[in-house]
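Q: here is the input, now give the coordinates:
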Amino acid sequence: MITEEQALTRILERVEPLPRRLVPLLQAREQFAAADVFARVALPRFDNSAMDGYAVVAAACTGGRRQRLVGEQPAGLDRRLRIEPGETVRLFTGAPIPAGADAVVMQEDVRCEGSDVFVNTNVEAGEFIRRAGCDLSEGQKIVEAGTRLGPQMLALLASQGFAEIETGSEVRAAIVSTGDELVAPGGTLGPGQIFDSNSALLRALVEKCGASVEDVRHCPDDVLSIERAFRDGLGCDVLIILGGVSVGARDLVKPALNAVGAQTDLWRVLVKPGKPFLFGRAGSCSIFGLPGNPVSAFVTFLLFVRPALLRLMGARSDQVSLRRTTAILGGEVNNEGDRPHYVRGELVDGKFRAIGRQESHALYGLSRANALLRVPPGERFRAGEMVPVIPID
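A: Numbering: from 1, shown residues only. As a prediction, this is how the structure comes out:
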């Protein structure tokens, strides 16, 4: 067996970002930029007013001196107005600053009598003026290749006039679950059978990453049925297999993968839960075999499949791993085994506590968890210690 670090390194060495594509900006949310992007337009593009008020020459406003109103400038087309000391122009938020003005007085700080405006406060040059380029300079890098494009980033790109943006390609995934014991939700359970929860779990996890699930299929423990499903799944960028990757007589995944020409790069990882994890390739398709227990499938997806999906989508190397933070441990946790143990728990207000049963089948506890605690082999963490945790929401 190899360590989780060795497994992830080997996986990321064997997956490459898919070809880039040009997409409409409004369809690029949560995709990854395929190239660096530079500002076309300074922000603000011109000096403008930070609020509704009056443009003035600051030095001419001492002692509440009268200012003569000579015009009005709304936000919009620049009327090319100009003022001299002792003159003022009515402005609205975002309006261009008239030539000659060096400050804006808020409308609450003036008294108007016809065309006479009296300033009731001290005025300093530069007040309430947003200078051209103070937020962003033309030519400045605004997006780095591999950055995920969230709503705020889309707004920045829109401010530069981009209607389209180059992103990584969409990743298409197929999910195949195996096992005679599984019945689709809505079906009827026979003796010894359970409902298939893993397919719903993995579909949601894949889609949460931003990938597209093209096919979800269940196969009984029949090698020909599994082979057919694998051949169809290899038409996608990623094939995720649930169950059947261990060493039992009914674990048919590895023989079926051999039959469809797949090569296995790694099998079995020093991690708990999730030791019987498999990664391989067939042509351009990356193949992941996850254990059948739901907690094992969940943990191995987060540790190994999610980073590979993000890399295929074009994410930067520093964005593919899970975010880590620290928390105060709410109760003692120990690991007497020889593998790192990912304990499921609840992270609230900087405190982590293990929640529910910690066996690999315990789906109820997993459904309540929002963080993982990695406990190294032979390690004991005591209540009140600061421990590294991994938020999973």
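Q: which stretches of the stretch 251-393 of the chain form helices?
A: For the stretch 251-393 of the chain, the helices defined by DSSP state H, counting those that start in this stretch cover 253-259, 294-300, 306-313, 363-368.
Q: compare those and give me the one nearest residue 7.
A: Residue 7 lies closest, by Cβ to Cβ, to one member of these: helix 294-300, at 9.3 Å. (C-beta placed from N, C-alpha, C; glycine too.)
Q: quick one: mean pLDDT over the closest one.
A: Averaged over helix 294-300, pLDDT sits at 95.
Q: what is it packed up against?
A: When contacts are defined as 3 or more Cβ pairs under 8 Å, 6 or more residues apart in numbering; DSSP states H and E, helix 294-300 packs onto helix 198-209, strand 285-290, helix 363-368.
Q: related to what we said a few turns ago, winner for burial among the helices of the stretch 251-393 of the chain?
A: Ranked by mean neighbour count under mean count of other Cβ atoms under 10 Å, the helices of the stretch 251-393 of the chain are led by helix 294-300, which reaches a mean of 26.
Q: give me the contact list for that one.
A: Helix 294-300 is contacted from outside by 197-198, 201-202, 205, 242, 269, 271, 273-277, 288, 290-291, 342, 344, 359-363, 366, 372, using Cβ atoms under 8 Å, 6 or more residues apart in numbering.
Q: quick one: residue 85 and residue 58 touch, right?
A: No. Counting by Cβ atoms under 8 Å, residue 85 does not reach residue 58; the two are 9.5 Å apart.
Q: neighbour count winner among these two?
A: Neighbour count, other Cβ atoms under 10 Å: between residue 85 and residue 58, residue 58 has more, with 19 against 13.
Q: pull the contacting residues for that one.
A: 102-103, 123-125, 127.
Q: what's the answer for residue 325, then?
A: Residue 325 sits next to 388-391 when contact means Cβ under 8 Å, 6+ apart.
Q: out of those, who's the most crowded?
A: Counting neighbours by other Cβ under 10 Å, residue 389 leads the contacts of residue 325 with 24 neighbours.
Q: gap between that residue and residue 378?
A: 19 Å (Cβ to Cβ, to the nearest Å).
Q: what's the neighbour count on residue 331?
A: 12.
Q: make residue 1 into 30 and carry on from there
A: Sounds good: first residue 30 from here, last item residue 360.
Q: ok, the nearest residue to it once chain neighbours are set aside to residue 402 distance?
A: Nearest residue to residue 360, sequence neighbours excluded (Cβ to Cβ, 6 or more residues apart in numbering): residue 412, at 5.1 Å. Using Cβ to Cβ, one obtains 13 Å as the distance from residue 412 to residue 402.
Q: neighbours of residue 47, how many?
A: 18.
Q: which ones are touching it?
A: With contact taken as Cβ under 8 Å, 6+ apart, residue 47 is in contact with 197-200, 266, 341-343.
Q: mind running it again at 6 Å?
A: Counting by Cβ atoms under 6 Å, 6 or more residues apart in numbering, residue 47 touches 198, 341.
Q: show the pLDDT at it.
A: 96.
Q: the helix or strand hosting residue 247 pairs with which strands, parallel or anti?
A: Assigned by DSSP states H and E, residue 247 belongs to strand 241-248. With DSSP bridges as the test, strand 241-248 is paired with strand 201-207 (parallel).
Q: quick one: the partner strand to chain centroid distance?
A: Centre-to-centre, strand 201-207 and its host chain are 23 Å apart (Cα atoms, centre = their mean, to the nearest Å).
Q: ok, now stretch 333-342?
A: 12 Å.
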